[in-house]
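1. I'd like to go over a predicted model; first the sequence, then the structure.
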Amino acid sequence: MTIHIGAAPGDIAETVLMPGDPYRAKWAAETFLQDARLVNEVRGMLGYTGTWNGHRVTMQGSGMGMPSLSIYANELIRDYGAKTLIRIGSCGGMQDKVKVRDVILAMTASTVNSPSSGFFRELNFAPCADWGLLQAAAQAAGKRDIATHIGGIYSSDVFYDERPDLNEQMVRHGILGVEMEAAELYTLAARHGCRALAVLTVSDHLGTGEALPSDQRERSFGDMVEIALEAAFS
Ligand code: HPA
């Protein structure tokens, strides 16, 4: 048990998929895992462990934003021995070529401010995905009928952003989408010698204002879970 995770030692798999929403962790576990059982419900941040094609997998909610994700990822890595952490979540599209429902595999995650910023002081660390996971996810996505983009994303520390000029800079620099967790996940994975990747569905578009209707979110989410699982065990 840790401060934020009630799982017993050994209850967490080495491979952890992390949706922001704990109910997504429940849905993914019930839909994709065999013998899934609840291993954490502290603060309602549900976590389940089961097997996929014989491999042990944990689905653990991260909450929204880098400070929340940092708590769960730190405890999963340092206390439970997690080795592969894949964020499965949504993002806002930033380029014209990126459409709602598309999948983004985040090669890098830029950020203005993450929980690690203070630690790095003047250094601009470049958080990046694990290459093997990224390559495997690209292959898994390629087998499906989903438009997939691979490149840089922006991990913002605010959803209600009072700095639209910053989004503009991101767009000008080819950033594909904006979310709020990946940069810290990549940084923590680098620090602890783990593998990390963010597989994201475009749920809305900052340029067009289009948003994915809620009845279509489940299918997109299912595609992401499958891509993440295939990538983890390829
Ligand atoms: N901003 C930040 N995070 C997001 C967004 C957004 O527009 N859409 C989905 N996640």
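-> Thanks, I have it. Numbering: from 1, shown residues only.

2. all strands of the protein, in order?
-> All strands of the chain, identified by DSSP state E, fall at 15-19, 34-40, 47-52, 55-60, 84-93, 103-110, 148-155, 177-179, 195-205.

3. Just put those strands in TSV and tack on distance to the ligand.
-> (Glycine included, C-beta is placed from N, CA and C.) Below are those laid out as TSV (distance: least, C-beta to the nearest ligand atom, whole Å):
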stretch	distance to the ligand
strand 15-19	12
strand 34-40	24
strand 47-52	22
strand 55-60	19
strand 84-93	3
strand 103-110	11
strand 148-155	8
strand 177-179	4
strand 195-205	5
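
4. I figured Trp52 was touching Phe233, is that so?
-> Yes: with contact defined as C-beta atoms under 8 Å, Trp52 counts as touching Phe233 (7.5 Å).

5. which one of those two has more residues nearby?
-> Neighbour count, other C-beta atoms under 10 Å: between Trp52 and Phe233, Trp52 has more, with 23 against 14.

6. gap between the more buried one and Ala231?
-> Relative to Ala231, Trp52 is positioned 12 Å away (C-beta to C-beta, to the nearest Å).

7. This structure against the ligand: which residues are in contact?
-> Neighbours of the ligand within the chain, by C-beta under 6 Å from any ligand atom: 90-92, 156, 159, 178-180, 203-204, 206.

8. swap the cut-off to 5 Å and go again
-> With C-beta under 5 Å from any ligand atom as the criterion, the chain comes near the ligand at residues 90-92, 159, 178-180.

9. and which of those residues is nearest to Asn74?
-> Nearest to Asn74, judged by C-beta to C-beta, of the residues of the chain next to the ligand is Met180 at 17.0 Å.

10. now the helices: where do they sit in the protein?
-> 22-32, 66-78, 117-120, 131-142, 164-172, 182-192, 214-232 (DSSP state H).

11. ranking those by burial, who's on top?
-> Highest mean neighbour count among the helices of the chain (mean count of other C-beta atoms under 10 Å): helix 182-192, with a mean of 25.

12. hang on, the earlier thing: now the strands of the chain as CSV including distance to Ala138?
-> Listed next are these as CSV, based on distance: least, C-beta to C-beta, whole Å:
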stretch, distance to Ala138
strand 15-19, 17
strand 34-40, 27
strand 47-52, 20
strand 55-60, 20
strand 84-93, 14
strand 103-110, 6
strand 148-155, 6
strand 177-179, 16
strand 195-205, 10
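
13. would you turn those into CSV with mean pLDDT?
-> Shown next, in CSV, are those (pLDDT from 0 to 100):
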stretch, mean pLDDT
strand 15-19, 98
strand 34-40, 98
strand 47-52, 98
strand 55-60, 98
strand 84-93, 97
strand 103-110, 98
strand 148-155, 98
strand 177-179, 98
strand 195-205, 97
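
14. Looking at these, which is nearest to Ile3?
-> Among those, if distance is taken as C-beta to C-beta, the winner is strand 34-40, at 11.8 Å.

15. and the most centrally placed residue in the chain, bridged to which residues?
-> Centroid check for the chain by C-alpha atoms, centre = their mean gives Arg87 as the closest residue, at 1.9 Å. As for beta bridges, Arg87 partners with Met18, Ala198 under DSSP bridges.
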